[in-house]
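*Asks:* Provided below are the primary sequence and the corresponding predicted coordinates.
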Amino acid sequence: MTLLTALLAIASGGAVGFTLGLVGGGGSILAVPLLVYVVGVPSAHVAIGTSAIAVAASAAFNLAGHGRAGTVKWPCALVFALAGMVGAAAGAQLGKMVDGARLLTAFGALMVVIGLLLLRPRKSGADSGVRLTRASLPRLLPWLIGVGFLVGLASGFFGIGGGFLVVPGLIAATAMPLINAIGSSLVAVTAFGLTTAASYAWSGLVDWPLAGLFILGGALGGLAGTALAGKLAGHKHALTLIFAGVVIAVGLYVIARSVWL
């Protein structure tokens with residue numbers, strides 16, 4: 001690995017971490033395009049496997065903070081994550097079977113969809129006291145397992161954290177408030193990232209030194225993004241709109257590169 005490649009990996013990780021810290025989600029969708037088009041990883045599959053490690057590390061770091069704040073609904077989050085891990089394992093296996101160029105094209109299309117979803121305001125649930133108990137089990141368990149599996153499947157296939165899907169998925173399954181869905185989603189995102197990374201690592205499709213540099217950059221960028229987010233709290237909606245535009249633009253670029261170049 002050259003010095004330039006190492007610096008680009010740290011900078012790319014920093015950009016992802018900064019975005020996550022600033023707008024609170026969605027930034028990991030940029031990891032694969034940055035690894036492929038900026039760092040220069042020649043294989044889409046290696047980029048996905050490597051980014052999955054970084055996504056899991058970033059989610060675990062943020063989960064620690066939410067855990068201390070008490071915003072995680074652990075029983076619901078764990079059931080959702082376990083079901084999603086099965087889906088992520090299946091999705092990762094399917095992703096490795098798809099041609100790299102076609103996978104990047106599908107990934108670009110997904111980015112456009114995510115950008116459009118980010119333009120919509122997040123809705124919150126109404127049941128702040130929701131708990132997975134013997135009484136609520138028959139009602140909540142099928143939804144948590146079913147939605148968790150589907151979200152995990154998409155996460156594993158594309159090598160993304162899937163937080164933009166996990167949050168509304170948890171709200172739809174349990175009606176928990178938005179803040180609890182955000183905190184609880186990090187359990188699933190960590191689990192999905194580790195599952196996807198393990199599948200790709202088993203096939204030799206993870207660049208470990210690159211992943212370490214990407215994670216280092218992500219940690220530094222996350223600190224900077226979080227610090228700036230406090231100062232720009234009143235402009236968060238505008239920041240999210242700008243980020244959504246960036247995601248859509250990058251998605252279109254990925255599609256164009258995959259189809260015509």
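*Replies:* Sure, I can see it.
*Asks:* so the spatially most central residue of the chain versus residue 44, what's the distance?
*Replies:* Nearest to the mean C-alpha position of the chain, by CA atoms, centre = their mean, lies residue 161 at 2.2 Å. As judged by CB to CB, to the nearest Å, residue 161 and residue 44 stand 17 Å apart. (C-beta placed from N, C-alpha, C; glycine too.)
*Asks:* likewise residue 31?
*Replies:* Distance check for residue 31 against residue 44: by CB to CB, it reads 12 Å.
*Asks:* poorly predicted segments of the stretch 51-200 of the chain, please.
*Replies:* 122-124 (pLDDT under 70).
*Asks:* what segments of the stretch 151-261 of the chain are strands?
*Replies:* Counting by DSSP state E, counting those that start in this stretch, the stretch 151-261 of the chain forms no strands at all.
*Asks:* how about the helices of it, start to end?
*Replies:* Under the criterion DSSP state H, counting those that start in this stretch, the stretch 151-261 of the chain contains helices at 163-174, 178-202, 208-231, 236-260.
*Asks:* for residue 62, which of those helices is the nearest?
*Replies:* Closest to residue 62 of the helices of the stretch 151-261 of the chain is helix 178-202 (CB to CB; 5.5 Å).
*Asks:* what distance separates the closest one from the middle of the whole chain?
*Replies:* Computed by CA atoms, centre = their mean, to the nearest Å, the separation of helix 178-202 from the middle of its chain amounts to 8 Å.
*Asks:* next: stretch 102-110.
*Replies:* Per CA atoms, centre = their mean, the centroid offset for stretch 102-110 relative to its chain is 16 Å.
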